[in-house]
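Asks: Give me a model of this one.
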Amino acid sequence: MKKSILLGIGASVLSGVAYAHPGHDLRAGFATGFLHPLTGWDHLLVMLSLGIWAVRRQSQQGWQLPVLFVSVMAIFAALAMVWLPLSLAEVMVAASVLVMGGLLVARIELSRWVQFSVVALVAAAHGYVHGVELGQSWAALAGMMLATATLHGLGWILGRQQQLWLKAGTQLLGGMMVGLGTYWLLA
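Replies: Below you'll find the predicted structure:
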């Protein structure tokens with residue numbers, strides 16, 4: 001019976017994850033926009049991992065990455081709210097989960113401009129996809145930006161922790177993101 005319950009829970013969790021971005025109805029305002037990043041796996045994972053990854057950068061540039069992300073995401077969300085084609089943005093969102101997971105696992109040093117470019121591309125994809133869903137709800141956009149910044153901050157706090165089990169946990173998170181991003185790209 002335990003196996004049946006665990007299989008049922010696992011199936012229900014994975015059933016809604018057919019695509020990188022399952023599509024949430026964000027037309028209800030600030031609260032819905034704020035809750036969206038907390039309920040979409042793609043956004044939640046990328047925001048947390050970006051905070052963790054950013055804190056590992058050189059002290060004078062790490063904080064710039066989350067700020068860049070929120071800014072570019074807002075610009076592309078606003079662009080999508082006025083101009084609606086979606087095309088490759090969903091693929092880029094799935095790829096962003098894969099890339100951010102890979103950055104957590106690999107722990108490689110990238111030049112400042114490569115870091116900014118990666119973050120800007122990831123933010124543009126997320127912003128555009130979310131902006132399409134927002135329709136004309138500027139309040140939802142404000143909520144989504146606040147939740148995104150909050151998730152970056154939580155990732156930053158997690159990334160600063162020195163406990164070995166937590167460091168191993170971030171490596172595991174990165175590996176799971178690589179697998180999930182690959183799955184979403186192939187689905």
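
Asks: What's the first helix or strand after the lowest-mean-pLDDT helix or strand in the chain?
Replies: Sorted by mean pLDDT, DSSP states H and E, the helices and strands of the chain end with helix 2-15, the least confident at a mean of 44. Downstream of helix 2-15, the next assigned helix or strand under DSSP states H and E is helix 30-39.

Asks: so what does the helix or strand following that next one touch, helix or strand wise?
Replies: Next helix or strand after helix 30-39 toward the C-terminus (DSSP H and E): helix 41-55. Applying 3 or more CB pairs under 8 Å, 6 or more residues apart in numbering; DSSP states H and E, one finds that helix 41-55 contacts helix 30-39, helix 64-82, helix 89-106, helix 112-134, helix 138-160, helix 164-186. (Glycine included, C-beta is placed from N, CA and C.)

Asks: The fourth one vs helix 41-55, what angle?
Replies: For helix 112-134 against helix 41-55, the angle by axes from the mean of the first three to the mean of the last three CA atoms, to 10 degrees is 160 degrees.

Asks: From the chain's centroid, how far away is helix 112-134?
Replies: Helix 112-134 sits 10 Å away from the centroid of its parent chain (CA atoms, centre = their mean, to the nearest Å).

Asks: Next, the buried residues of it.
Replies: Neighbour counts over helix 112-134 (16 or more other CB atoms under 10 Å) mark 115-116, 118-120, 122-134 as buried.

Asks: ok, now the third one?
Replies: Neighbour-count burial for helix 89-106, with 16+ other CB under 10 Å as criterion, is recorded at 89-90, 92-105.

Asks: Need the residues that contact that helix.
Replies: 19-21, 42, 45-46, 49-50, 52-53, 118, 121-122, 124-126, 128-129, 132, 170-171, 173-182, 184-185 (CB atoms under 8 Å, 6 or more residues apart in numbering).

Asks: For ChimeraX, write the select line for the buried members of these.
Replies: Buried residues among those (16+ other CB under 10 Å), as a ChimeraX selection:
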select :20,21,42,45,46,49,50,52,53,118,122,124,125,126,128,129,132,170,173,174,177,178,180,181,184
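
Asks: thinking again about what came up before, which one of the buried residues of helix 89-106 is nearest to Q60?
Replies: L103 (19.2 Å; CB to CB).
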